[in-house]
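Q: Task: produce atomic coordinates for the following.
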Amino acid sequence: MPLQVGDYVLQRLREWGVEQVFGYPGDGINGLVAAFGRAGNQPRFVQARHEEMSAFQATGFAKFSGKVAVCTATSGPGAIHLLNGLYDAKLDHVPVVAIVGQTARSAMGGSYQQEVDLQSLFKDVASDYLVEVNVASQLPNALDRAFRTAMARRAPTVVIVPADLQEEPYEPPEHAFKQVPSSPPSSQHTTLIPPAAELERAAEVLGHGSRVAMLIGQGARAAAAEVLEVAELTGAGIAKALLGKDVLSDELPFVTGSIGLLGTRPSYELMRDCDTLLIVGSNFPYSQFLPDFDQARAVQIDIDGALIGMRYPTEVNLVGDAKATLRQLIPLIERKSDRSWRDTVEQNVARWWETVAQQAAVEAKPINPMRVVTELSERIPGNAVVTADSGSSTNWYARCLRFRGEMRGSLSGTLATMGPGVPYAIGAKFAHPDRPVIALVGDGAMQMNGLGELMTIARYQHLWEDRRLIVCVFHNNDLNQVTWELRAMGGAPKFEESQNLPDVPYADLAHEMGLEGIAIDHPDDIGDMWDRALATPSPTVLDVRCDPDVPPIPPHASYEQIKDLGKSLLRGDPDAFHLMVQGAKTKAQELRI
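A: Below is the predicted model:
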């Protein structure tokens, strides 16, 4: 049987080192699906319950493996479903290649069933590279460019292959006019270093300051050792953007933790009081949490020149690889002998962790969600991978979970979409089948799509050397983050029709799907719950009944936020009294330190 286009697509994916494709079948990719069968399921077709979950799984795999991930979907409705996950990859700068089916070429333009203008649909999310393959000889160039662009631009790319073309014989490009050949798949390594003069300017700025602050993001992950060396030379404190939470250990006394609305008080104090700022590998967008514009001299390092100097008036912009740039910068920096600023930062950090411990110990009805994460911090394996969803649970991940060792973690940092927590965890297991994975999700995200993906976990768990995939559900029957945003940002009371969620027995449903399930509603059971889950050699769902009125308001809440919260209570918030008591008890712990 001659090699079909679908067969060649899989052959090229194998040459690129692809071991799995996250997808969902449909007649727009029947030719590709049949090719998986002929290829002995190499690469493996990982079937999600929904195409959006396939895109999230691919994004999670790419984040935790550092490799290009691949997802696939049929034409029309399947392609549309991919969008949210691909936008998540685009905004968090993650390399994903989507291979998408299309109506047969003979039917295009005829308002045929499931015909959608995919070029228009994907032109923004795949703006770095989008191609429709209409003849077999366009391959392999189209696929190769999709992979190379995804790697080079750290972005999603899309290759559209019409259904009928997938079943045609593959014809390689000829050495002829209007034929486009391609080079064999290979890895790409680029090391961009700024000019020496700019490095010297940066060293001068850093050397002039007496209170240096550093802000690091995911772009600093490969440069952790260099970041620490710069911090040692300058006496800096280090704040972490949320996507960079796993770059440095939270056990380091001068690491202030997350920054922003979900951030910590020592990060707020670090930016409030510094006179010099070094940003490494971060595009943190909230300038109100950075120093006042006339307060600090600033240097930024980023590999993408299009994203540099756009969040703060930086004096020196170094376009280059973070690790290589810092290695060149370090010899130019003189060690500061005055460590008073560092001492202040460390005192603030120590006080913060005492505050977190006391806030987590505050009684709640029935369970304080902060305690769920602080007790996890005491037990979590040093090689665990943690995913978080968007919602109030993100606050507890950002503020209360202490990273250490080789731990990795991520979430939808820029799009902040609901729903990726569980599919990210699945992608993480395919990236690291020998490591435990923990997903921290709210019951809103769990009901939105997490429940369906429990079936995916049950189906593929046998492939993982370490089967521990723990989904911890913060069960409060409330779309809690939005409820708090209504209260604190708009002064509006909770609107129960939009905010209340159905009461779902998550642990029982896990049992029905062949997984382990543990349900608790008493704080004294939290530690035992984590011990049991971490000792169970199979996927487990934790159903934790939490108090929705434990406030996720940052410790540096503004006067306007407090005033708006008061307005919501006066306007008849249904949980007003309990909310007021719980908020007062939580805030009081901060004042005790």
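
Q: switch to C-alpha atoms for all contacts and neighbour counts from now on
A: Will do.

Q: Sticking with residue 317, tell me its helix or strand.
A: strand 316-319 (DSSP states H and E).

Q: Check residue 201 too.
A: helix 196-208.

Q: what packs against that helix?
A: strand 276-280, strand 297-302, strand 316-319, helix 322-329 (3 or more C-alpha pairs under 8 Å, 6 or more residues apart in numbering; DSSP states H and E).

Q: Let's have these in a markdown table, adding distance to residue 87.
A: Shown next, in a markdown table, are these (distance: least, C-alpha to C-alpha, whole Å):
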| stretch | distance to residue 87 |
| --- | --- |
| strand 276-280 | 24 |
| strand 297-302 | 21 |
| strand 316-319 | 25 |
| helix 322-329 | 25 |
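
Q: In the chain, where is pLDDT below threshold?
A: Along the chain, segments meeting pLDDT under 70 span 1, 487-491, 553-593.

Q: switch to 90 and redo it
A: 1-2, 104-115, 172-191, 261, 286, 478-500, 549-593 (pLDDT under 90).

Q: Figure out how far the longest helix seen in the chain is from the centre of its chain.
A: Taking DSSP state H as the criterion, the chain has its longest helix at helix 340-360. Offset of helix 340-360 from its chain centre (C-alpha atoms, centre = their mean, to the nearest Å): 26 Å.

Q: tell me what it is packed against?
A: Helix 340-360 packs on strand 237-240, strand 255-258, helix 265-273, helix 369-379, helix 576-592, going by 3+ C-alpha pairs under 8 Å, 6+ apart.

Q: quick one: buried residues of that helix?
A: 341-343, 345-346, 348-349, 351-353, 355-360 (16 or more other C-alpha atoms under 10 Å).

Q: One more: stretch 61-71?
A: 61, 62, 63, 64, 65, 67, 68, 69, 70, 71.

Q: The first one falls within a helix, correct?
A: The one in question is residue 61. Yes. With DSSP: H, G, I helix; E, B strand; the rest coil as the criterion, residue 61 is part of a helix.

Q: which ones are touching it?
A: By C-alpha atoms under 8 Å, 6 or more residues apart in numbering, the residues touching residue 61 are 67, 69, 424, 426, 427, 428, 429, 430, 431.

Q: Skipping adjacent residues, who's closest to it in space?
A: residue 427 (4.2 Å; C-alpha to C-alpha, 6 or more residues apart in numbering).

Q: tally of neighbours for the one you found?
A: By other C-alpha atoms under 10 Å, 27 other residues sit near residue 427.

Q: Repeat that for residue 187.
A: Around residue 187 there are 8 residues (other C-alpha under 10 Å).

Q: Please report phi then psi for it.
A: Note on residue 187: backbone dihedrals following degrees, to the nearest 10 are phi -80, psi 160.

Q: likewise residue 161?
A: As for residue 161, its main-chain torsions (degrees, to the nearest 10) stand at phi -130, psi 110.

Q: Hmm, residue 134 and it touching each other?
A: Yes. Counting by C-alpha atoms under 8 Å, residue 161 does reach residue 134; the two are 7.1 Å apart.

Q: Which helix or strand contains residue 423?
A: Going by DSSP H and E, residue 423 is in helix 421-431.

Q: dump the residue contacts of the nearest residue to residue 206 once chain neighbours are set aside.
A: The shortest distance from residue 206 to any non-neighbouring residue, by C-alpha to C-alpha, 6+ apart, is to residue 276 (6.7 Å). Contacts for residue 276 (C-alpha under 8 Å, 6+ apart) come out as 205, 206, 209, 210, 211, 212, 213, 296, 297, 298.

Q: Residue 276 pairs with what?
A: residue 212, residue 297 (DSSP bridges).

Q: how close does it get to residue 239?
A: In this view, residue 276 and residue 239 are 13 Å apart by C-alpha to C-alpha, to the nearest Å.

Q: who touches both of the two?
A: Contacts common to residue 276 and residue 239, judged by C-alpha under 8 Å, 6+ apart, are residue 213.

Q: all strands for the stretch 401-550 of the chain, in order.
A: 408-410, 437-442, 469-475, 516-520, 540-545 (DSSP state E, counting those that start in this stretch).

Q: Please state the offset of the second one from the chain centre?
A: The chain centroid and the centroid of strand 437-442 are separated by 12 Å, computed with C-alpha atoms, centre = their mean.

Q: Okay, now the sheet partners of it, with direction.
A: strand 385-388 (parallel), strand 469-475 (parallel).

Q: can you redo the ones you listed as TSV with distance to residue 379?
A: Compiled in TSV, the strands paired with strand 437-442 are given as follows (distance: least, C-alpha to C-alpha, whole Å):
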stretch	distance to residue 379
strand 385-388	13
strand 469-475	13
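
Q: Would you mind giving those strands as TSV with mean neighbour count and distance to residue 516 added?
A: Listed next are the strands paired with strand 437-442 as TSV, based on neighbours: other C-alpha atoms under 10 Å; distance: least, C-alpha to C-alpha, whole Å:
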stretch	mean neighbour count	distance to residue 516
strand 385-388	27	19
strand 469-475	27	9
